[in-house]
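Enquirer: Mind folding the following:
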Amino acid sequence: MTTASDRHQIEAELFERLAGLIPGLRKEAEQCDLKACFPFASLAKLREASLLMAPVPVAFGGFGFHHPGGEDSLFRLLHLLGYADL
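Expert: Numbering: from 1, shown residues only. Okay, here's the model as predicted:
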C-alpha cells in the first residue's frame with residue numbers, strides 16, 4: 001500500500017522529470033507546429049519518463065493520480081505540461 005509520504009515522493013519525482021523535459025518538448029512543439037506534424041518524439045520522452053503512467057491506477061502499474069484527492073496532482077502535472085505547448 002502506498003503511503004501519503006510515498007505519493008508525495010512520487011509526485012515530486014514526476015514533477016522534476018517533467019520540468020527537465022519542458023525545454024526540449026517546447027522546441028519540438030514549435031517545429032511540429034511549423035511542419036504540421038505529430039510530436040512523436042515528445043510523446044516517447046514522456047513515456048520514457050513514466051509520465052504517461054500518472055493517471056493509471058496503481059493496480060495496473062501506474063501512479064494512481066486518478067483517485068479522489070489525486071486530481072490536484074494530475075491537474076498540476078498537466079498544467080506544467082502545458083508550458084511545453086503540447
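Enquirer: Now do the one helix or strand in the chain whose mean pLDDT sits lowest: everything it contacts.
Expert: Least confident element among the helices and strands of the chain, by mean pLDDT, DSSP states H and E: helix 71-82 (a mean of 88). Contacts with helix 71-82, where a contact means C-beta atoms under 8 Å, 6 or more residues apart in numbering, come from 7, 11, 14-15, 18-19, 22, 25, 46, 51, 54-55, 65-66. C-betas here are computed from N, CA, C, even on glycine.
Enquirer: 6 Å instead?
Expert: Residues lying outside helix 71-82 but in contact with it, judged by C-beta atoms under 6 Å, 6 or more residues apart in numbering, are 11, 18, 54-55, 65.
Enquirer: Most neighbours among the residues you listed, which one is it?
Expert: With neighbours taken as other C-beta atoms under 10 Å, the top of the contacts of helix 71-82 is residue 65, carrying 25 neighbours.
Enquirer: need the contacts of helix 71-82 in CSV with secondary structure, distance to residue 77 and pLDDT, can you?
Expert: Formatted as CSV, the contacts of helix 71-82 follow (DSSP: H, G, I helix; E, B strand; the rest coil; distance: C-beta to C-beta, whole Å; pLDDT from 0 to 100):
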residue, secondary structure, distance to residue 77, pLDDT
11, helix, 8, 88
18, helix, 7, 94
54, coil, 6, 90
55, coil, 9, 89
65, coil, 7, 85
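Enquirer: can you redo those as JSON lines with distance to residue 35?
Expert: Below are these laid out as JSON lines (distance: C-beta to C-beta, whole Å):
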{"residue": "11", "distance to residue 35": "34"}
{"residue": "18", "distance to residue 35": "24"}
{"residue": "54", "distance to residue 35": "28"}
{"residue": "55", "distance to residue 35": "29"}
{"residue": "65", "distance to residue 35": "32"}
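Enquirer: quick one: which of these is nearest to residue 42?
Expert: Within the contacts of helix 71-82, proximity to residue 42 (C-beta to C-beta) peaks at residue 18, which comes in at 11.5 Å.
Enquirer: contacting residues for that closest one?
Expert: By C-beta under 6 Å, 6+ apart, residue 18 lies in contact with 51, 80.
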